[in-house]
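J.: Here's a sequence, model it:
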Amino acid sequence: QVQLVESGGGLVQAGGSLRLSCAASGRTFSSLYMGWFRQAPGKERELVATISSGGTTYYVDSVKGRFTISRDNAKNTVYLQMNSLKPEDTAVYYCAGRALGRSRYEYWGQGTQVTVSS
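T.: The predicted model follows:
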């Protein structure tokens with residue numbers, strides 16, 4: 001079993017930056033495919049970025065060039081560096097993980113609120 005705990009959310013002005021962290025328990029972190037999701041009020045949860053065990057990344061178009069996902073397997077942690085934040089980035093951000101070969105994310109954090117003021 002893997003437990004995920006996010007941190008780093010908060011209130012920031014438009015144009016500012018935040019770095020989210022997601023600390024994982026368990027010895028299998030390095031083999032997990034990790035992702036960051038977000039859910040804004042009244043909207044469906046959406047995938048923001050993913051990173052494979054080998055470091056291959058993916059970003060949704062709306063955050064390309066502004067957000068960077070990374071991982072430190074020695075620290076069992078995945079990060080989301082968010083720059084040039086916009087009010088539309090306001091949401092609860094969740095990290096999630098899935099084992100190789102699994103199509104659905106099995107492990108979820110509790111979420112951290114990000115609020116971007118205009």
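
J.: Tell me, what's the model's pLDDT at the most centrally placed residue in the chain?
T.: In the chain, the centroid-proximal residue (C-alpha atoms, centre = their mean) is Trp36; its distance is 2.6 Å. At Trp36, the pLDDT value in this model is 98.

J.: where's it relative to Gly65, distance?
T.: Distance from Trp36 to Gly65, counting by C-beta to C-beta, to the nearest Å: 16 Å. Yep, even glycine has a C-beta here, placed from its N, CA and C like the rest.

J.: which ones are touching Val48?
T.: Each residue near Val48 by C-beta atoms under 8 Å, 6 or more residues apart in numbering is listed here: Gly35, Trp36, Phe37, Arg38, Tyr59, Val60, Val63, Phe67, Leu80, Tyr93.

J.: try it again with 7 Å
T.: By C-beta atoms under 7 Å, 6 or more residues apart in numbering, the contact list for Val48 reads Trp36, Phe37, Arg38, Val60, Val63, Phe67.

J.: Doesn't it belong to a strand?
T.: Yes. Counting by DSSP: H, G, I helix; E, B strand; the rest coil, Val48 is found in a strand.

J.: Roughly how far does it sit from Gly10?
T.: Val48 sits 17 Å away from Gly10, taking C-beta to C-beta as the criterion.
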